[in-house]
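Visitor: Provide a 3D model corresponding to the input given below.
(one chain, ligands or ions: 1)
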Amino acid sequence: MEENLTPSYIKTFDKDERALATEDLSVFYGGKVQKLFDASLQFKKNSITALIGASGSGKSTFLRSLNRMNDKVAKIDGKIIFHGLDVNKPDINVYELRKNIGMVFQRPNPFPKSIRENIVYALKANGKTDKNELDRIVEESLRAAALWDEVKDKLDKSALALSGGQQQRLCIARALAVQPEILLLDEPASALDPVSTSKLEDTLKQLRSEYTMIMVTHNMQQASRISDHTAFFHLGHVIEYNSTAEIFTNPKGQLTEDYIQGSFG
Ligand SMILES: Nc1ncnc2c1ncn2[C@@H]1O[C@H](COP(=O)(O)OP(=O)(O)OP(=O)(O)O)[C@@H](O)[C@H]1O
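Guide: Numbering: from 1, shown residues only. Sure, this is the predicted structure:
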């Protein structure tokens, strides 16, 4: 089958509406094998954007490049514009960048430490030692991640004793503790049961008022339930990017339509 990989529609936003944007982002694993082709996407502030597409279509490759997680395994060409700066430049401090653009992974990965320590670890490493301030951040982060009520009486117990869903919300709280502007989420609910997934989705919806989120998901229902915008990836190309309602009810490209209707992937 001859495939038309030309984008069918790519939504744009005014400069002051954008939290982050890529321009012609391309990723070459091992320096040579190209797996992402000229992705130019603008992400709207205080919104959830879902990245969808079949397995191997480049969603994680794109997501991980946004906060320079692919630096060691790939060559990344193109621009990543954050606050008017190209943060894909070599002289950017990636540790500072990751404070602003946090990441939550597919499998919950709390440190084998107490719930409290999971949250204050990075803050202490950054020189914050005031106990009252740390306590305040622990509470605020856990409240924002909708976990406070479930753990407030056992903050010094091991994080590993929490359920998978609670661990994932703890990972979100941990990411929020350093006050990022953007959260990248790589299939954050794929290891969770339906009840935990639903709680996690509620949490993400609540966080939208303060954060911009970009989320890889395989779950079409999840994308349509919680995201404002959706980008469809195919063979390393962004084929279509639009409001989630348009993508799901009125896709402009045939490939998008086929994918949404479940013909492949
Ligand atoms: N570290 C790596 N080194 C080499 N190739 C890689 C690496 N990571 C991903 N790839 C390749 O890049 C392509 C895109 O993979 P990627 O994980 O981005 O896809 P995806 O759309 O996120 O898939 P999935 O939904 O299965 O996670 C695949 O061919 C994959 O094998």
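
Visitor: Return the residues in contact with the residue lying closest to L200 once chain neighbours are set aside.
Guide: Spatial nearest neighbour of L200, chain neighbours left out: A189 (5.2 Å); criterion: Cβ to Cβ, 6 or more residues apart in numbering. To be clear about C-beta, it is placed using only N, CA and C from the backbone, and glycine gets the same treatment. Neighbouring residues of A189 by Cβ atoms under 8 Å, 6 or more residues apart in numbering: 168, 196-197, 200-201, 217, 219, 222.

Visitor: just those residues now: which is nearest the ligand?
Guide: Among these, T217 lies closest to the ligand (Cβ to the nearest ligand atom), at 9.1 Å.

Visitor: what's the following helix or strand after the lowest-mean-pLDDT helix or strand in the chain?
Guide: Here the helix or strand of the chain ranked lowest by mean pLDDT, DSSP states H and E is helix 194-207, holding a mean of 91. Downstream of helix 194-207, the first helix or strand assigned by DSSP states H and E is strand 212-216.

Visitor: continuing past that following strand, what's the next helix or strand?
Guide: Using DSSP H and E, the helix or strand that follows strand 212-216 towards the C-terminus is helix 220-226.

Visitor: Make sure G78 is indeed in a strand.
Guide: Yes: counting by DSSP: H, G, I helix; E, B strand; the rest coil, G78 is found in a strand.

Visitor: Quick one: residues contacting it.
Guide: The contact partners of G78, by Cβ under 8 Å, 6+ apart, come to 22-26, 38-39, 88.

Visitor: So which bits of the helix or strand containing R98 are buried?
Guide: Under the criterion of DSSP H and E, R98 resides in helix 94-100. Using 16 or more other Cβ atoms under 10 Å as the test for burial, helix 94-100 gives 97-100.

Visitor: What is the distance between that helix and the centre of its chain?
Guide: Centre-to-centre, helix 94-100 and its host chain are 14 Å apart (Cα atoms, centre = their mean, to the nearest Å).

Visitor: which other helices and strands contact the helix or strand that that helix is followed by?
Guide: Using DSSP H and E, the helix or strand that directly follows helix 94-100 along the chain is strand 101-104. In terms of contacts (3 or more Cβ pairs under 8 Å, 6 or more residues apart in numbering; DSSP states H and E), strand 101-104 is packed against helix 164-177, strand 182-186.

Visitor: Out of those, which is the most enclosed?
Guide: Among the helices and strands packed on strand 101-104, ranked by average contacts under mean count of other Cβ atoms under 10 Å, first place goes to helix 164-177 (a mean of 24).

Visitor: List the contacts of stretch 10-27.
Guide: 34-46, 58, 61-62, 65-66, 70, 74-82, 88, 101, 181-182, 212, 214, 229, 238, 240-243.

Visitor: let's see it at 7 Å
Guide: Here stretch 10-27 makes contact (Cβ atoms under 7 Å, 6 or more residues apart in numbering) with 34-45, 61-62, 65-66, 70, 74, 76-82, 181-182, 212, 229, 238, 241-242.
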